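*Asks:* just coords:
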């Protein structure tokens, strides 16, 4: 606690002038409970529904990757924006984002995706394309994702 | 690792005057790089300073908030450094092995905190975050697509930084606990930091190109006026004295600038120490020789200096 915040009675001969609000008061609720959920995007989330062939297998592999902090698939979290596979050459591209820019799991997630997709039958090469636009928001979590988060104890 | 961020794919339908990193002329690239270096270095160095408050904040919430803000600013620095990597620069070149005089941040973000002076952190955050909002708003109109893709995400993470700074400013100014103490400390922080905050707006030699090519269409002079119009009345309403009026003549504002202005590579003494500190571990690790916690058992068998 810095001096700027700590009321020190000793320095106030007229301590009676101190404001009523001191740290001895009853605790109060944090005022910040109102979280904006963001605007989402009409084409998101994508889950691979309707995909076929190698692309469907890539989506399956991505479904198996969980967020390192919460037991929810990164697909259900809405992080995967698209999967594109050239079936002739086996070149795959995954467009994805992260929930926020300071995400400490950035390298972990990107390399997990890269390894998982590399292992998919029919994929020869993979490019993980990290996008920051459209911006991820809670709106992009799928219904299955919401279910998993609620079970984990997160209110969504 | 084949992890790259190359294009926006199907997500953006806006047209841009500038192309991707490989399509720029030499002059365009230099302007983009100069703009990005100021952005990235400001965020990185400010985050370095903020982390000094971790486990030392005045309240648990304040402590968590400042740590979280530092993490955001590091995330933003990362986003901008990524775009410099598009041009072939590597992370060690951009951060760990870059000589201190090549950094382009404003001196505001490198100044050491007066010991234990939370008001310094609050005033600094306020002056910086109001500037950052204006800079990001200007960058929302950028003609460089790679910056455009990232501005929205960063803007979304800045809102509560400003809320946090204003909230604390109000508490310190109007007083919980000892009003004189909080008020006095904020005033002293303003006196100390305001000239350094002005270095945020010091143009580099690339400024005309940055504006002309639309990397950041609004010139820094315009941002500075908008910033003065914002921060001066807010602080005056709390009863603080400012060294300059919001509508002062630009030349009068210029006279307040400190000698070292950061953007041209000239920094205050504090920068050498901070640079030394955050590169310390990198230098210690000395990649030519992996660090060892114990003697390799094979070597130990041959005698060595083990008992």
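*Replies:* Okay, I see it. Treat the numbers as computed from the prediction; the structure is a model and nothing was measured. Residues are numbered from 1 along each chain as shown, chains lettered A, B, ... in the order given.

*Asks:* for the longest helix anywhere in chain A, the averaged confidence score.
*Replies:* Counting residues, the longest helix in chain A under DSSP state H turns out to be helix A:106-118. For helix A:106-118, mean pLDDT is 96.

*Asks:* just checking, next helix/strand downstream of it?
*Replies:* Going down the chain from helix A:106-118, the next helix or strand is strand A:125-130, by DSSP states H and E.

*Asks:* after that following strand comes which helix or strand?
*Replies:* Per DSSP H and E, the first helix or strand lying C-terminal to strand A:125-130 is helix A:143-152.

*Asks:* buried set for that next one?
*Replies:* Along helix A:143-152, these residues count as buried under the neighbour rule (16 or more other CB atoms under 10 Å in any protein chain shown): A:145, A:146, A:148, A:149. C-beta coordinates here come from the backbone N, C-alpha and C atoms, glycine included.

*Asks:* okay, those residues in CSV with distance to residue B:125 next?
*Replies:* Conversion of the buried residues of helix A:143-152 to CSV gives the following (distance: CB to CB, whole Å):
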residue, distance to residue B:125
A:145, 34
A:146, 34
A:148, 36
A:149, 32
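
*Asks:* which of these sits closest to residue A:70?
*Replies:* Using CB to CB, residue A:149 comes nearest to residue A:70 of the buried residues of helix A:143-152, at 6.4 Å.

*Asks:* got the contact list for the nearest residue to that closest one once chain neighbours are set aside?
*Replies:* Nearest residue to residue A:149, sequence neighbours excluded (CB to CB, 6 or more residues apart in numbering or on different chains): residue A:156, at 5.0 Å. When contacts are counted by CB atoms under 8 Å, 6 or more residues apart in numbering or on different chains, residue A:156 touches A:138, A:141, A:146, A:149, A:150.

*Asks:* which two in those are spaced the farthest apart?
*Replies:* A:138 and A:150, at 12.6 Å, using CB to CB across the contacts of residue A:156.

*Asks:* let me know the closest of the buried residues of helix A:143-152 to residue B:67.
*Replies:* Among these, and counting by CB to CB, the member closest to residue B:67 is residue A:149, at 24.0 Å.

*Asks:* my read: the closest one touches residue A:142, true?
*Replies:* No. Assessed by CB atoms under 8 Å, residue A:149 is found out of contact with residue A:142, at 10.3 Å.

*Asks:* shaky segments in the chain?
*Replies:* Since you didn't name a chain, this refers to chain A. Confidence mapping of chain A against pLDDT under 70 gives the ranges A:1-38.

*Asks:* look at chain B instead
*Replies:* In the predicted model, chain B carries pLDDT under 70 at residues B:1-10, B:176-177, B:179, B:287-292, B:300-307.

*Asks:* quick one on the thing from earlier: now, which of the contacts of residue A:156 sits nearest chain B?
*Replies:* Checking the contacts of residue A:156 against chain B with CB to the nearest CB, the nearest one is residue A:138 at 12.0 Å.

*Asks:* the closest one and residue B:121, how far apart?
*Replies:* Using CB to CB, to the nearest Å, residue A:138 is found at 30 Å from residue B:121.

*Asks:* which of the two has more residues huddled nearby?
*Replies:* Just comparing residue A:138 and residue B:121: by other CB atoms under 10 Å in any protein chain shown the higher neighbour count belongs to residue B:121, 26 against 18.

*Asks:* what residues are up against the more buried one?
*Replies:* By CB under 8 Å, 6+ apart, the neighbours of residue B:121 are B:50, B:53, B:66, B:113.

*Asks:* strands of chain B, start to end?
*Replies:* Ranges of strands within chain B are B:3-4, based on DSSP state E.

*Asks:* can you tell me the residue of it closest to chain A?
*Replies:* Closest residue of chain B to chain A, CB to the nearest CB: residue B:75 (3.0 Å).

*Asks:* hmm, back to that, between the contacts of residue B:121, which sits nearest residue B:84?
*Replies:* residue B:50 (22.0 Å).

*Asks:* leaving out sequence neighbours, find the closest residue to that closest one.
*Replies:* Leaving out its chain neighbours, the residue that sits closest to residue B:50 by CB to CB, 6+ apart is residue B:70, at 3.7 Å.

*Asks:* so that neighbour touches residue B:57, yeah?
*Replies:* No. Contact between residue B:70 and residue B:57 fails when scored by CB under 8 Å: they sit 11.2 Å apart.

*Asks:* farthest-apart pair in the buried residues of helix A:143-152, please.
*Replies:* Farthest pair in the buried residues of helix A:143-152, by CB to CB: A:146 and A:148, 7.4 Å.

*Asks:* so which residues on the stretch 101-250 of chain B come close to chain A?
*Replies:* Residues of the stretch 101-250 of chain B lying close to chain A by CB under 8 Å from any CB of the partner chain are B:116-119, B:148-150, B:152-154, B:156-157, B:172, B:175-179, B:181-182, B:185.
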